[in-house]
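1. quick one, structure for this:
(one chain, ligands or ions: 1)
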Amino acid sequence: MNNDAFVPVNEPLLGGRERQYLQQCLDSGWISSEGPFVREFEEKFAAQVGRRHGIAVSNGSAALDAVVDALGIGPGDEVILPTFTIISCIAQIVRAGATPVLVDSRADTWNMDVDQVEARITPRTKAIMVVHIYGLPVDMAPIEALAARHGLRVIEDAAEVHGQTYRGRPCGSFGDISTFSFYPNKHITTGEGGMIVTDDDALAETCRSLRNLCFQPQQRFVHERLGWNLRMTNLQAALGLAQLEQLEGFVQRKRQMGARYTELLAGLPGLQLPLASTDYAQNIYWVYGIVLGPELGMTAQQMMAALAPLGVGTRPFFWPMHEQPVFQRMGLFAHDHHPVASHLARQGLYLPSGLALSDTQMLRVAAAVRQLVTGG
Ligand SMILES: *Cc1c(COP(=O)(O)O)cnc(C)c1O
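-> This next block holds a predicted model:
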C-alpha cells in the first residue's frame, strides 16, 4: 500500500479459503441458494454461537424484517428498542403498523441504557429489541430479567458483534432470536448477506418460509402467508464459510487495532475514546469510534471534512431514530428527547477500522486526528 494513499474507512480481508470455495461453486455449477454451502454455512454459523438453527438471508436488514414478521408483531403491539441504531431495526416495526418505543443510550458504552427500559413497558409491549453497538454488548442480564417478569420476547441484533461474548456467552445466543449481517464492514463478510439464529423450532420454520416467499412443500404456488425472497446464494455462503474459519483471528486483530488506536490517541484533550471493557465484556471494536467534547469547538461533520484532505476516511455515528425526518413526517416521536443519542450523533464519528488496515495506516490516521485536535 502506497504510504500517501487515502486510508479507506473499511477494507475487508479475503485471504483464507474464499477463492477455493468460490471455485468449487463455479466448477460444480451450484451458484443459487440451492447449493450445498448455504446449509453448511447455516449449520456452522449457528453452532459457533450455540444456537440450534441458522437461516441464511440476503442481508442483515432482511433478517430483522423477517424476525419482526415471524414474531407476529403488528398493530397494537409495542417494541422497545434503542434510538441510537441503524434504521433496519425499526423499519419492519413501523411498516407492520406496530409502535416503536425508544430508549436513550449510555454515554460510556453508547449502548441502550437498560435502566430506561422498565419504565417504557406497558400492557401492549410485545418485545424488546437489543442492538449491540460498535463492539460492546448491551448489558443483557437486566433485559433477560425484565423479559421473563413481563413475558416479553427478546430480539437480539448482533450484526456488529460476531465472535463477541457477554459474561462468556456468545452474542447471538440471547433472547428468542438473533440476527447478523455480513456486509463487508462486519467482522465476517459475504459481500451482502445476513443470518437469523434461534433455538425455537417453530420460529426457525417460520423464518425459513418467510425467506422463501412462503412457498409450501405440498402445493408450492399456494400461499397462506406473505413472505419475501430473502435467499442467500451459494456464492455468498462460500465466502461466509471461508470467513467463519478465520473469525477467531479477526476478533483478535480487531482487539489489537482498538488497543493500538487507544494507545495512539490517549490523553488528547476533549476526545472520548471507546471503552476497552466493561465488567461483562471486552470491546471487539467493530468500528473505532471517537466522540468530540465541547472544548474542541468542532462537530463530527467538521472533523470528518478536515480529516478527508489529510487522507483519512471516516463515517458519522448513527443518527437517532427519534430525529429521522421520515418518522417525524409520520407523526412519530414528537415528544421524544434522548439527549445522549442526540449528542453522539452530532459529535461522534468513526475512524478507519477495517480488517485490512495496517499498523502504518493507523499511525497516519492517529497523526491526522492529533493534528486537528491539538491544532498543531
Ligand atoms: C449492518 C447492520 C445492520 C444491517 O445489515 P445489512 O446487511 O447492511 O442490511 C443491522 N443492524 C446493525 C446493528 C448493523 O450494524
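2. how long is stretch 80-97 end to end?
-> 14 Å (Cα to Cα, to the nearest Å).
3. any residue of that stretch touching the ligand?
-> Yes. With Cβ under 6 Å from any ligand atom as the criterion, the ligand is reached by stretch 80-97 at Thr85, Ile86, Ser88, Cys89. Heads up, the C-betas are built off the backbone N, CA and C, glycines and all.
4. likewise for stretch 154-165?
-> Yes. Residues of stretch 154-165 contacting the ligand under Cβ under 6 Å from any ligand atom: Asp157, Ala159, Glu160.
5. picking up where we left off before, the residues of stretch 80-97 next to the ligand: which two are farthest apart?
-> The most widely separated members of the residues of stretch 80-97 next to the ligand are Thr85 and Ser88, with 8.1 Å between them, by Cβ to Cβ.
6. neighbour count winner among those two?
-> With neighbours defined as other Cβ atoms under 10 Å, Thr85 and Ser88 compare such that Thr85 has more, 26 against 20.
7. buried sites along stretch 297-312?
-> Neighbour counts over stretch 297-312 (16 or more other Cβ atoms under 10 Å) mark Met298, Ala300, Met303, Met304, Ala306, Leu307, Gly311, Val312 as buried.
8. endpoints of it, how far apart?
-> Stretch 297-312: ends 20 Å apart by Cα to Cα.
9. what does that stretch contact?
-> Outside stretch 297-312, the residues that touch it by Cβ atoms under 8 Å, 6 or more residues apart in numbering are 4-7, 292, 296, 313-314, 316-317, 346-349, 351-352, 364-365, 368-369, 371-372.
10. buried subset of those residues?
-> Burial by neighbour count, 16+ other Cβ under 10 Å: within those this picks out 7, 292, 296, 313-314, 316-317, 346-349, 351-352, 364-365, 368-369, 372.
11. which ones among those residues map onto helices?
-> Within the buried ones among the contacts of stretch 297-312, residues falling in helices by DSSP state H are Arg346, Gln347, Arg364, Val365, Ala368, Val369, Leu372.
12. ok, and the closest non-adjacent residue to Gln328?
-> Once flanking residues are discounted, Gln328 sits nearest to Ala334: 7.5 Å by Cβ to Cβ, 6 or more residues apart in numbering.
13. residue ranges for the strands of this protein, please.
-> 53-57, 78-82, 99-103, 125-131, 153-157, 165-166, 169-170, 177-181, 194-198, 271-272, 288-292, 315-316, 348-351 (DSSP state E).
14. switch those over to TSV; also include mean pLDDT and distance to Cys207.
-> Compiled in TSV, the strands of the chain are given as follows (pLDDT from 0 to 100; distance: least, Cβ to Cβ, whole Å):
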stretch	mean pLDDT	distance to Cys207
strand 53-57	98	5
strand 78-82	98	17
strand 99-103	98	21
strand 125-131	98	15
strand 153-157	98	12
strand 165-166	98	23
strand 169-170	98	19
strand 177-181	98	8
strand 194-198	98	5
strand 271-272	98	38
strand 288-292	98	31
strand 315-316	98	30
strand 348-351	98	31
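15. low-confidence ranges in the chain?
-> For the chain, the stretches with pLDDT under 70 are 1-4, 376.
16. which helix of it spans the most residues?
-> Counting by DSSP H, the longest helix found in the chain is helix 247-265.
17. what's that helix packed up against?
-> strand 288-292, helix 359-374 (3 or more Cβ pairs under 8 Å, 6 or more residues apart in numbering; DSSP states H and E).
18. I'd like these laid out as JSON lines, including distance to Val103.
-> Supplementary listing: the helices and strands packed on helix 247-265 in JSON lines, determined by distance: least, Cβ to Cβ, whole Å:
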{"stretch": "strand 288-292", "distance to Val103": "19"}
{"stretch": "helix 359-374", "distance to Val103": "31"}
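19. now do the domain split for this protein, please.
-> 18-244, 247-374 (automatic domain parsing).
20. just name the most buried of the ones you listed.
-> Among the domains of the chain, the stretch with the highest mean neighbour count (mean count of other Cβ atoms under 10 Å) is domain 18-244, at a mean of 20.
21. show me what residue of the stretch 201-350 of the chain gets nearest to the ligand.
-> Residue of the stretch 201-350 of the chain nearest the ligand, by Cβ to the nearest ligand atom: Trp286 (7.5 Å).
22. any idea how far that residue lies from Leu102?
-> Using Cβ to Cβ, to the nearest Å, one obtains 22 Å as the distance from Trp286 to Leu102.
23. I am finished for the moment; much appreciated.
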